[in-house]
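Visitor: sequence first, predicted model second:
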Amino acid sequence: MSAFTARPRTRLFAAATVALAALSLTACNDKLGVQDAGAASSNSSPVTTSAPSSSPSGTGTGRSGGSTGGSSTGGSSTSGSSTGGSSTSTGGGTGASGSKTSGGSGSGSGSGSSTTRVTCSGANTKVTAQPVSRPINHMLLTVTNTGSKTCDLYYYPAVNFDDAQSVPPVIKDSQPQAVTTLAPGQSGYAGVALSGGSDGTGTNGRTAKSLSVYFFDRNENSISPAATPSLPTKGLYVDDSLRVTYWLASAQDALTY
């Protein structure tokens, strides 16, 4: 083989070697490109997350969203999807409310006399003195509430004939279980034993021409003004056996003693 013939073959071999190397490099680059694209595709799947929204009324509903994406490179495919979960948030506030009612809300009927009580006296009552035939030598005192308020008749009447210096004693057996109370217009009663009668037990008998009736308060203190009921024109015979009953609600009970 001549030198001329060997030189072209050497050149062809070198050229072939260079071409093979170029092809090999190209193939490697293509392979790396495919792998990079696949990795990017698998990591780039979009995900959306909803954010809560609010409304002026204090309630809100999160938006729901979803996305589905897919890619394929070099015969391989990667798909991914994500859906934002729907969320609902409700916020509400109710201010504490309250109503204020004045302490004793209620209704009632009637006049002030049903709620306010006073003591009976000569200022808010009218008293009459009436002799009776039975029992003998007795007189009935009737007291009527002329005021606008309920009044209480405490204890017994302190009677005073002709400005006597002492008050007759009370008949203890006549004491009621409760204080006699008079609503406006109502009446209470007391009996007065004027004298000892025919048995002669009374002493210092006399004819009385005037009468004053005093009332007691809760503490058994005599209060003014006194009532001054009129007596019969001829007067009433009284003696030292003079006694009175407690104030009672019944005229019959008052004349029992």
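Guide: Alright, I've got the coordinates. On a predicted model such as this, the values are computed, not experimentally measured, just so you know.
Visitor: how about Asp253, what does it touch?
Guide: Applying Cβ atoms under 8 Å, 6 or more residues apart in numbering, we find Asp253 in contact with 174, 189. Bear in mind the C-beta positions are built from the backbone N, C-alpha and C, glycine included.
Visitor: would it count as being in a strand?
Guide: No: secondary structure assignment places Asp253 outside any strand; it is helix (DSSP: H, G, I helix; E, B strand; the rest coil).
Visitor: state the pLDDT value of it.
Guide: Model confidence at Asp253, given as pLDDT, is 96.
Visitor: look up how far Gln175 lies from it.
Guide: Going from Asp253 to Gln175 by Cβ to Cβ, to the nearest Å gives 11 Å.
Visitor: sec struct for Asp173, please.
Guide: Asp173 carries the three-state label helix when classified by three-state DSSP.
Visitor: I figured it hits Leu248, correct?
Guide: No: shown here, Asp173 and Leu248 do not form a contact pair, counting by Cβ atoms under 8 Å, at 11.9 Å.
Visitor: which of the two has more neighbours?
Guide: The residue with more neighbours, out of Asp173 and Leu248, is Leu248; 22 against 9, by other Cβ atoms under 10 Å.
Visitor: can you give me the neighbour number for the nearest residue to that one once chain neighbours are set aside?
Guide: Closest residue to Leu248 in three dimensions, ignoring its sequence neighbours and counting by Cβ to Cβ, 6 or more residues apart in numbering: Ala254, at 4.8 Å. Other residues within reach of Ala254 by the criterion other Cβ under 10 Å amount to 23.
Visitor: mind listing what Val159 touches?
Guide: Listed by Cβ under 8 Å, 6+ apart, the contact partners of Val159 are 141, 167-168, 192, 211-214, 242, 244.
Visitor: switch to 10 Å and redo it
Guide: For Val159, the contacting residues are 129, 139, 141, 167-168, 190, 192, 194, 208, 211-214, 226, 229, 238, 242-244, by Cβ atoms under 10 Å, 6 or more residues apart in numbering.
Visitor: quick check: which element contains it?
Guide: strand 150-161 (DSSP states H and E).
Visitor: give the buried residues for that strand.
Guide: Residues 150-161 are the ones in strand 150-161 that count as buried (16 or more other Cβ atoms under 10 Å).
Visitor: and stretch 140-151, average pLDDT?
Guide: For stretch 140-151, mean pLDDT is 97.
Visitor: any idea how far apart the tips of that stretch sit?
Guide: One end of stretch 140-151 sits 20 Å from the other (Cα to Cα, to the nearest Å).
Visitor: again, but for stretch 153-167
Guide: Using Cα to Cα, the distance between the terminal residues of stretch 153-167 is 17 Å.
Visitor: still on that earlier bit, partners of the strand holding Val159, with directions?
Guide: Sheet pairing for strand 150-161, assigned by DSSP bridges, gives strand 117-119 (parallel), strand 180-182 (antiparallel), strand 211-216 (antiparallel).
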